[in-house]
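**Q** here's my sequence, what's the structure:
(chains A, B and C)
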Amino acid sequence: MKNHVWRPLFVVIGLVVCILTFRMFYIPDDFGAQDRGYTFGFHRLSNEQEWKDYTAKYKGAEYCNECHFEKVDSLSQSQHEMIQCENCHGAAFDHPENPEKLVIDSSRDLCIRCHSELYMPSSGRNDIPGIDPNQHNVGTECSECHNPHNPSLEDM
Amino acid sequence: MVEQVAQVAQMIVHGEAWTVKDLFVLPNEYVYWSIQIVMYPYMTGLVAGAFVLSSLYHVFGVEKLKSIARFALVFSFALLPVAMMPLMLHLMQPLRGINVLMTPHFTSAISAFGIVFMTYAVIVAAEIWFVYRKFIVESIHRLSAKTARSSYESLLLMIYKLISLGAMDDSKEAYAADHKAVKLLAGIGIPVACFLHGYAGFIFGSVKANALWMTPLMPVIFICSAVVSGIALCIVSYYVFMEMRKWAAKRGKNYLLPDGLAHGSAAINYDELKSVQDHEVRMTSKYLLIFMTLALTLEILDMIFRGYTAVKSWDILRDVLFEHDFFKIFVLQYGIGNFLPFLMLLLPGVTVRRAVIASCMVLFGVFMMRWNVVIGGQAFSLTFNGFMEYHLPIIPHDVETFKEGLGGALLVFGTPFVIFYFLNMIFPAFYVDDEGH
Amino acid sequence: MKRRDFMKNAAVFVTGVSVSISALELLDPQEVLAANPELRWGFLVDTHKCIGCGFCVKACKIENDIPLEANVTRTWVERYVIKKDGDVLMDSPKGALNGFTNKDIDQNRSGMKKVDDKDIAQAFFVPKLCNHCETPACVQVCPVGATYQAKDGAVLVDRSWCIGCGYCIMGCPYGVRFFHPIEHVADKCTFCYHRISNGGNTACAQACPTGARMIGNLRDPNDPLTKIVMGERVGVLRDEYGTKPQVFYIGLNKEVH
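**A** Numbers count the residues shown, from 1 in each chain, chains lettered A, B, ... in the order given. The predicted model follows:
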């Protein structure tokens, strides 16, 4: 019975073995130091694919152009040609299946994102025609007077 | 619609409930590490400190600390699971906490937690086992000999049989071996305890994005203040528990020591308890003073160095240190938490009461130090152009504000005492054994 | 007895250490990169072009399922107003989710600050997003290997493995990380990994009316982004942290960091 001092050690070894065994089952197979080495690349490899498979919501103007080519064409002739359809019409998701109809944001809040006048020398903002939203026809929607697809003041 | 409501109910911007922003703060910046991360180094500090105190006797043979050493060891074990608690309460995914053990990423200071913590737990458990082995063997004999056992005693007997691991050798040589093992374990335990807490300091000190935290002194400061708070807590709780025992002794009872032990009720007497208490508290407070000096020196050095080198971040740090957090740092932490108790312990003729009051203030001071580091480090924006103020949630209105609020903090602080109460039933911390260790 | 103790201890120690060492296969990142020369994502922001409309922020939030009303965001736009007296005012209300429509500067608790147009020396916008650093501080500190850098440089978070400790949030010098309000794990800009990996553009760059944002392959010398990064004077944010950020800026000012 002289070696009773080792008994706690055996318990510890047993514990470590249990943890390591559990670890074998718990950790995904593809977990490890990947391309960027241990410091920056220690991860579950399949997660990269999971991120690649994330669903896109915005489809871009080319996608809109497949059906609404007239609208896309008219917009591209105007001063607003640089604005993406989905910025105002909302993300396409799986339109036309889901949602069947997109909700157009025609609020003043949308237009004044660019057209609220700010004094911003040394910024492109200064070159955009702007109004003071607290003075300029308060209470009316911008699209009542301005055509967003052809905002030219001459054509008003 | 139902789905939407459920989603809204679930939606929590972590940190928004208790963060008030001022001037220019980045949109994602909040006080992400709140009260539980204050509690975490505080509790690990208490664990490490209590253990170091017990080791002063076990390793360095400071005989005068014999009585408090055993208490400190058991109390350190009771504090141990609680060091983990604030982390679990803080994690957004507490069920995945096990991942730290499963896929530790050693370039992160936190990953050390699992391994160092387990190592440390094993060392303390083994040390307790060796310290109490004689007691366990005796208890098994004593309880087995009893003909009419209460269900409590039967349960106790079962526990003792289990934790004895079948080692019933009660020869002199066997006990001598135990003694050696204790010394060895306590010896290994000191560096491990320091590492356990030093890396908690490293967790903060190595965050290069945080101007207040980033200093190589952080681990050392943390260790010193850990020992300080650990010793202080041992003094305070030792005093409180001894007061309770004295109070009971007057009424012929023996609190916090299982009745009818071999050395039990017969040995109990008020005056003896009082003299033990006086002696231990006064002795321990001397060690408290030594470690306090060290901790304080380092902290002040850190501050002077920052002011003198005055790198880019100093402007905002100065605002935080000398304006926003002035009261918390210089009045609460240094004033009430350091200088006052320092004087109280330094002045001649230390009485038990004065030592205990000073210890309470030290405990508070170390807590404020953790607070000022953890919360203070998040009191300014990464842009150095704005401030964030932390408002501790007092009345919880959901799980999160409970976990990371006053309730959670009190839960963490109270748990070790509950654990100690039960642990003390198995390993009586106030059990005096003249031949033992 | 003593020697035997030591041997046993040593054996246990060696077994324990070798288990953990097996996880520590240190690979030199430079070496690894050299072996995969074809793709490294980078980003370019032209602060002159940014008009502060915030369409990028809105698109990002919808594309990546970050609730619009939650006050956290993967990308945001900051406004800098530098006054003639040298004062600098900055704000980013709701991360510029709804753009900048107000002349007053949001100073959070200190309220809205009015600035007279004639006091302004210069004013501009700076969009921010994850820098997908070459040596990301956030990845280094993750205790469980839940956040990582892919071969092509994208820094991502494994949502099924993150424990939500917040260390990466603390470790990032740019404040781009936050806790996802619904998933309750650390979240950050992925460079729209699902879009760029399948030949698309990032949602923010696509939504930007002025072309202030651009994603590209830094390893391809013919990529428009690479041409600018190599051929023009560009800066990065807070390189003093040694993170080697891979989002490049045209028109940075000393006030921006």
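**Q** output the longest helix belonging to chain A.
**A** Selection of the longest helix in chain A by residue count, based on DSSP state H, yields helix A:7-26.
**Q** just the CA trace of it, in CSV.
**A** Output of helix A:7-26 as CSV, limited to C-alpha atoms (Å, rounded to 0.1, in the frame of the first residue of the first chain):
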residue,chain,number,x,y,z
ARG,A,7,-3.8,7.5,-6.7
PRO,A,8,-4.8,11.1,-7.3
LEU,A,9,-2.5,11.0,-10.3
PHE,A,10,-4.3,8.0,-11.7
VAL,A,11,-7.6,9.9,-11.3
VAL,A,12,-6.1,12.8,-13.2
ILE,A,13,-4.8,10.6,-16.0
GLY,A,14,-8.3,9.0,-16.2
LEU,A,15,-9.8,12.4,-16.4
VAL,A,16,-7.4,13.5,-19.2
VAL,A,17,-8.1,10.3,-21.1
CYS,A,18,-11.9,11.0,-20.8
ILE,A,19,-11.5,14.5,-22.1
LEU,A,20,-9.3,13.5,-25.0
THR,A,21,-11.7,10.7,-26.0
PHE,A,22,-14.6,13.2,-25.8
ARG,A,23,-12.5,15.6,-27.9
MET,A,24,-12.1,13.0,-30.6
PHE,A,25,-15.8,12.8,-31.1
TYR,A,26,-16.6,16.5,-30.5
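**Q** which ones are touching whichever residue of chain A sits closest to chain B?
**A** The minimum distance from chain A to chain B, using Cβ to the nearest Cβ, falls at residue A:4 (3.6 Å). Where C-beta positions appear, they are placed from N, C-alpha and C, glycine not excepted. The contact partners of residue A:4, taken as Cβ atoms under 8 Å, 6 or more residues apart in numbering or on different chains, are B:165, B:167, B:169, B:174, B:177.
**Q** go on, residue B:50?
**A** Going by Cβ under 8 Å, 6+ apart, the list of residues near residue B:50 reads B:72-73, B:75-76, B:79, B:230-231, B:233-234.
**Q** may I ask which helix or strand of chain B has the lowest mean pLDDT?
**A** The helix or strand of chain B with the poorest confidence is helix B:2-10; it has a mean of 50 (mean pLDDT, DSSP states H and E).
**Q** which SSE is immediately downstream of that helix?
**A** Sequence-wise, the next helix or strand downstream of helix B:2-10 (DSSP states H and E) is strand B:19-23.
**Q** list the buried residues of the helix or strand where residue B:231 lies.
**A** Assessed by DSSP H and E, residue B:231 sits inside helix B:217-250. Buried residues in helix B:217-250, counting neighbours by 16 or more other Cβ atoms under 10 Å in any protein chain shown, are found at B:218-239, B:241-243, B:245-246, B:248-249.
**Q** also stretch C:128-139?
**A** Buried positions in stretch C:128-139, judged by neighbour count with 16+ other Cβ under 10 Å: C:128-139.
**Q** also near chain B: which of these, exactly?
**A** Subset of the buried residues of stretch C:128-139 in contact with chain B: C:128, C:137, counting by Cβ under 8 Å from any Cβ of the partner chain.
**Q** ok so residue B:215 is a strand residue?
**A** No. Assessed with DSSP: H, G, I helix; E, B strand; the rest coil, residue B:215 is coil; it does not lie in a strand.
**Q** follow-up on the earlier one: in strands, which of the buried residues of stretch C:128-139 appear?
**A** residue C:128 (DSSP state E).
**Q** dump the buried residues of stretch C:128-139 to TSV, plus pLDDT.
**A** Formatted as TSV, the buried residues of stretch C:128-139 follow (pLDDT from 0 to 100):
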residue	pLDDT
C:128	97
C:129	97
C:130	97
C:131	96
C:132	96
C:133	96
C:134	95
C:135	95
C:136	96
C:137	95
C:138	95
C:139	96
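**Q** heading C-terminal from the lowest-mean-pLDDT helix or strand in chain C, find the next helix or strand.
**A** When each helix and strand of chain C is scored by mean pLDDT, DSSP H and E, helix C:29-35 comes last, with a mean of 47. As assigned by DSSP H and E, the chain's next helix or strand after helix C:29-35 is strand C:41-46.
**Q** can you tell me the average pLDDT over that next one?
**A** Averaged over strand C:41-46, pLDDT sits at 96.
**Q** equivalent analysis for stretch C:144-158, please.
**A** On average, stretch C:144-158 scores 95.
**Q** brilliant, that's me finished.
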